[in-house]
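S.K.: Give me the fold of what follows.
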Amino acid sequence: MAGHHLAIYNFGLHVDDYDSPAVEGFRLREAANFEAASLAEGFVGRSGYPDVEGPESWGVQVFPRFIDGSGFDSAPSSLSLWRDIESLMAFSYNGVHANALKHARNWNRRQDWPPLVLWWVEAGSRPDWQDGVSRLERLHDHGAGPGAFTFKEPFTATGEVASVDRARVRQIAEANRGGQESLLAHVLSLKV
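M.R.: Model prediction:
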């Protein structure tokens with residue numbers, strides 16, 4: 001949507017501490033996923049994490065209420081901006097990131113909340129962590145709507161129900177493939 005970018009926030013809980021052997025496959029793929037995103041068509045930017053080298057954190061990192069009682073005080077989450085839903089889908093469900101999704105059940109707990117939430121922001125602005133958390137909780141509590149939606153139930157920046165151009169997703173995924181070949185070969189060699 002001209003004048004807007006698509007924001008995505010995702011959140012989950014690992015099966016064990018981040019540094020544990022049970023989560024090693026996730027840790028080994030994390031940098032490759034960030035690099036693949038930065039090379040992907042339609043990627044605008046992502047928040048970094050407080051006290052971690054890399055991009056600036058978009059505000060204070062907070063977590064949704066689903067972390068309560070988990071035994072963790074932090075959890076895997078990300079916050080990023082994309083040109084449109086097709087670009088985000090092409091990255092998410094192909095190549096390097098698709099490999100991580102394929103194995104996610106090995107590292108993450110089953111959850112009864114949505115794994116991600118999407119919403120539109122004006123181009124040139126960026127959401128903060130609290131915005132992502134609030135929208136994920138809203139999606140869980142009230143279902144999809146213009147301010148908090150999913151790939152399966154998308155909306156336009158002006159609030160209408162949208163449809164995804166699947167042919168365009170395939171075209172973008174194909175365009176991304178060349179830039180991800182060495183990264184994909186690397187992650188395919190990693191321990192799950």
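
S.K.: Could you pull up the residues touching Arg83?
M.R.: The contact partners of Arg83, by C-beta atoms under 8 Å, 6 or more residues apart in numbering, come to 5-6, 41-44. In short, each C-beta sits where N, CA and C put it, glycine included.

S.K.: again with Ala37
M.R.: Residues in contact with Ala37, defined by C-beta under 8 Å, 6+ apart, are 43, 46, 80, 91, 97.

S.K.: Take those residues and keep only those in strands.
M.R.: Among those, the members found in strands (DSSP state E) are 43, 46, 80.

S.K.: Now rank the residues you listed by neighbours and give me the top one.
M.R.: Counting neighbours by other C-beta atoms under 10 Å, Ser80 comes out on top of these with 25 neighbours.

S.K.: Check the gap between that residue and Arg126 for me.
M.R.: From Ser80 over to Arg126 the distance is 9 Å, taken as C-beta to C-beta, to the nearest Å.

S.K.: show me what contacts Leu139?
M.R.: Contacts of Leu139 (C-beta under 8 Å, 6+ apart): 114, 117, 148-150.

S.K.: which of the residues you listed are buried?
M.R.: Neighbour-count burial (16 or more other C-beta atoms under 10 Å) applied to these gives 114, 117, 148-149.

S.K.: which residue packs closest to Leu139, ignoring adjacent ones?
M.R.: Leaving aside its chain neighbours, Leu139 sits nearest to Ala148 (4.2 Å; criterion: C-beta to C-beta, 6 or more residues apart in numbering).

S.K.: If the one you found is in a bridge, with which residues?
M.R.: Beta-bridge pairing for Ala148 (DSSP bridges): Gly145.
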